[in-house]
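1. Model the structure of this input:
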Amino acid sequence: MGAEVEGVPVAALERHAELTELVEEANWRYHVLDSPTVSDAQYDMWMRELRELEDDSPSLRTPDSPTQKVGAPISSDFAAVAHLQRMESLDNAFNADDLVSWQARAERLVERDPAPYLCELKIDGLAIALVYEKGRLVRAATRGDGRVGDDVTANVRTIADVPHRLAGDDVPDLVEVRGEVYMPVEGFAKLNEQLVEAGRPPFANPRNSAAGSLRQKDPRITAQRPLHMIVHGVGRWEGAVALPPTQSQVYERLRGFGLPVSDLYRVVDDLDGINDFIEFYREHRHDPVYEIDGVVVKADRIEIQRNLGSTSRAPRWAIAYKYPPEEVNTKLLDIQVGVGRTGRVTPYGVMEPIVVAGSTVERATLHNGSEVARKGVRIGDTVVLRKAGDVIPEIVGPVVDLRDGTEREFTMPTHCPECGTELAYEKEGDADLRCPNTRACPAQLRERIFFAAGRRAFDIEGLGYVAATALTQPLPPQEPPVRTEADLFDLTMDRLLPIRSVVRDPDTGLPKTDPETGEPKVVSFFANQSGEPSKNAEKVLEELERAKDQPVWRVLVALSIRHIGPPTAQAIAAEFRSIDAVAEASEEELAAVEGVGPRVAAAIRDWFEVDWHREIVSRWKAAGVRMEDEPPTDQLPQTLAGLTFVVTGTLADFTRDEAGEALVARGGKVAGSVSKKTSFVVVGENAGSKFDKAVKLGVPVLDEEGLRVLLAEGPKAAAAMAVTPEE
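-> Take a look at the predicted model:
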């Protein structure tokens, strides 16, 4: 038996951490940057492996696991807006057995046949929520992380399908509808032709074109794009007008309001009907005007939907059947490598551009040298490309029968392509080569500066990828103003103005070239044509000054310590309150923090052992970056000291974060999973699996009113209101 940490095999811990990092990066690029770098098939594979690891070791299933979250953090380009009710994701089925399991689970939970079912097409678009008050459109927001999205009301108003006022006399006082904004395949092709003619890069696929068009800062640009919308659900329905009893009747009511509802759905009585619908659109996948990647199956009766409820991320009453990815053949022109912020060197294929299911594809990741060898691909091969609905699909393998002898083997480089340092594996058995020149490798520094400025860290508007490149890799004879992160807060206008830089691709880090001359594209990023400071230069300096007052947890994230994301950083900051205290803490003290553990604790200790890392902290502190959170004033009575709580579901008057903060402020601890040591589970609407676990373990459960009593009067008064459920 291998080594274990708290009953979990070390190999499982390490793989879970690696998969979490991959999935979170994929979510960020897909939902926020609208620039995915992995195929849907690969993402689904990572998520399935994560779930299997968590099924085997349930302690890995924490609130910040990707399996428990929806979407990704919102963009910094738009105002944040809270959804009236959580926008969820969907669990996936990939074969008939998965559908049978879903139907059987639903039948077991409601103790009756959940039929009939509504089957509809799964549109590959951008999820959106529209809010109508007294029939008037007052807000439109992207899904974001499911609870908070980007306010895109002005842009959505330009979509002809979306009514500004609902029609009819039976409109509810308030209704929030959900749907997909999409770009028809024909409109996507025409838009890309126009972009190419204008000398601008085309969109990769219809989903990205819709997302990019909707997220334009100027609504006039959005209005010029051929966007449409399909409504497929209701989040909130309030007022004297009753919600119809079935999903299909809801659709007809919404259609009567003037909302765009698809007529390509069917209500069926059993699994045979579901499978017939799936098989029909498997054969007619390209008949609709929009791209689809599967079929969504829902319990048609609203009562059944309410009884089934949701898990932490998805409704139990619906499932998405995903079609297998499409495959094409194309020529593999080259295999190149890129370097990430942790030094990981990743090979990727460069192919003859080819359209796959509406997406123009010319690059695909190959993950690592072992994967290239495993697939047996050679430069010059005709390769099988599998498309799964996103930008960069998977290279499945070579078409060996088409080889003509001119193909050549790929060999992973022995030295970093950007700094020349000899590459190495961190430890025996690693799959990924890394550049060990952590401090001076321009690729790693560029990626770390970009990461530190990102929304999850300092949130510095204006310091995007091109700006990070300009700061770290200007053209000679200029010296880079940022040689390590330590220089970031010492920037001045005098240091910015002379900088000229080569524009690089954010996905690969390689220089972009002018299509006419073939020369690298060069920009003077911080000055206008007359040499005066650009608005962006002024913005960056203003944002850097503002970023100095960010809380300690954001500083921890910005330091790029391995395995430290926002949730872990928040837990550490809550415990130690200052960077100095974190730096001085022992590995044991760090590991004792909820959600940290020995692996993360070791990474923190290792990071602070490095001289130039400590210099970053010292220089940021000297520049005025906040390194300590203020102690809470007017501390509340610690009535909940020694008690542990879990908050789950949607509460009416609290977000879960707010409920957790209120409990912590009174001395309680908030955990991410239910155990026998849990004192109370606070449940809201759609409580999900944590409520099920409380039932199984007999942990006392409080509703929102019980939570108010707990906060106001303490645990004894709340205990009288608690329910101790029985399985």
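
2. who's Pro347 bridged to?
-> Beta bridges link Pro347 to Val337 when assigned by DSSP bridges.

3. My guess is it contacts Leu332. True?
-> No: between Pro347 and Leu332 there is no contact under Cβ atoms under 8 Å: 11.5 Å. Placement of C-beta: from N, CA and C, glycine included.

4. Give the other helices and strands that whatever helix or strand Lys190 lives in contacts.
-> Lys190 belongs to helix 185-197 when assigned by DSSP states H and E. In terms of contacts (3 or more Cβ pairs under 8 Å, 6 or more residues apart in numbering; DSSP states H and E), helix 185-197 is packed against helix 206-214.

5. Checking Leu264 next. Helix, strand or coil?
-> Classification of Leu264 using DSSP: H, G, I helix; E, B strand; the rest coil returns coil.

6. residue ranges of the helices in the stretch 201-350 of the chain, please?
-> Assigned by DSSP state H, counting those that start in this stretch, the helices in the stretch 201-350 of the chain fall at 206-214, 219-223, 247-256, 271-283, 302-308.

7. do the same with the stretch 451-600 of the chain
-> Using DSSP H, counting those that start in this stretch, helices in the stretch 451-600 of the chain cover 465-472, 493-496, 535-547, 552-558, 566-576, 579-584, 587-591, 597-608.

8. Dump these into CSV; add mean pLDDT and distance to Leu697 as well.
-> Shown next, in CSV, are these (pLDDT from 0 to 100; distance: least, Cβ to Cβ, whole Å):
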stretch, mean pLDDT, distance to Leu697
helix 465-472, 88, 47
helix 493-496, 90, 58
helix 535-547, 92, 44
helix 552-558, 92, 31
helix 566-576, 79, 24
helix 579-584, 96, 34
helix 587-591, 93, 26
helix 597-608, 92, 23
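
9. So for Pro315, which of those helices sits nearest?
-> Nearest of these to Pro315, taken as Cβ to Cβ: helix 566-576 at 24.0 Å.

10. quick one on the thing from earlier: which of the helices of the stretch 451-600 of the chain sits closest to Arg434?
-> Short answer: helix 597-608, nearest of the helices of the stretch 451-600 of the chain by Cβ to Cβ, at 14.4 Å.

11. What are the buried residues along that closest one?
-> With burial defined by 16 or more other Cβ atoms under 10 Å, the residues of helix 597-608 counted as buried are Gly597, Pro598, Arg599, Val600, Ala601, Ala603, Ile604, Arg605, Trp607, Phe608.

12. quick check, nearest of the residues you listed to Leu19?
-> Arg599 (13.9 Å).

13. for that closest one, what are its contacts?
-> In this structure, Arg599 makes contact with Val5, Leu13, Glu14, Ala17, His563, judged by Cβ atoms under 8 Å, 6 or more residues apart in numbering.

14. Please apply the same query to Leu697.
-> Val674, Ser675, Lys676, Thr678.

15. coming back round to it: for the helices of the stretch 201-350 of the chain, could you give me JSON lines that also reports mean neighbour count, distance to Val557 and mean pLDDT?
-> Output for the helices of the stretch 201-350 of the chain, formatted as JSON lines (neighbours: other Cβ atoms under 10 Å; distance: least, Cβ to Cβ, whole Å; pLDDT from 0 to 100):
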{"stretch": "helix 206-214", "mean neighbour count": "26", "distance to Val557": "25", "mean pLDDT": "80"}
{"stretch": "helix 219-223", "mean neighbour count": "15", "distance to Val557": "32", "mean pLDDT": "83"}
{"stretch": "helix 247-256", "mean neighbour count": "19", "distance to Val557": "41", "mean pLDDT": "95"}
{"stretch": "helix 271-283", "mean neighbour count": "16", "distance to Val557": "42", "mean pLDDT": "92"}
{"stretch": "helix 302-308", "mean neighbour count": "17", "distance to Val557": "37", "mean pLDDT": "94"}
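
16. Between these, which one is closest to Arg554.
-> Nearest of the helices of the stretch 201-350 of the chain (Cβ to Cβ): helix 206-214, 26.3 Å.

17. what angle separates that closest one from helix 185-197?
-> On the basis of axes from the mean of the first three to the mean of the last three Cα atoms, to 10 degrees, helix 206-214 is oriented at 70 degrees to helix 185-197.

18. what about helix 206-214, distance to the chain center?
-> 17 Å (Cα atoms, centre = their mean, to the nearest Å).

19. same thing with stretch 655-675?
-> Its chain's C-alpha centre and that of stretch 655-675 lie 24 Å apart, by Cα atoms, centre = their mean.

20. Among the buried residues of helix 597-608, find me the one that's closest to Met351.
-> Using Cβ to Cβ, these come closest to Met351 at Ala603, 36.6 Å.

21. mind listing what that closest one touches?
-> Neighbours of Ala603 in contact, by Cβ under 8 Å, 6+ apart: Ile561, Arg562, His563, Ile564.

22. Leaving out chain neighbours, which residue sits closest to the second one?
-> Same thing as Arg562. Of all residues not flanking Arg562 in the chain, Ala603 sits nearest, at 4.4 Å (Cβ to Cβ, 6 or more residues apart in numbering).

23. Can you tell me how far the nearest residue to Asp124 once chain neighbours are set aside is from Glu88?
-> For Asp124, ignoring the flanking residues on the chain, the nearest one in space by Cβ to Cβ, 6+ apart is Glu291 at 4.3 Å. From Glu291 across to Glu88, the span is 22 Å (Cβ to Cβ, to the nearest Å).

24. Have a look at these two and say which one is more surrounded.
-> Between Glu291 and Glu88, counting by other Cβ atoms under 10 Å, Glu291 is the more crowded of the two (25 against 22).

25. I'd like to know how far that one sits from Ala189.
-> 12 Å.

26. What of Ala373?
-> As judged by Cβ to Cβ, Ala373 and Ala189 stand 38 Å apart.

27. what do you get for Ala93?
-> Ala93 is 31 Å from Ala189, by Cβ to Cβ.
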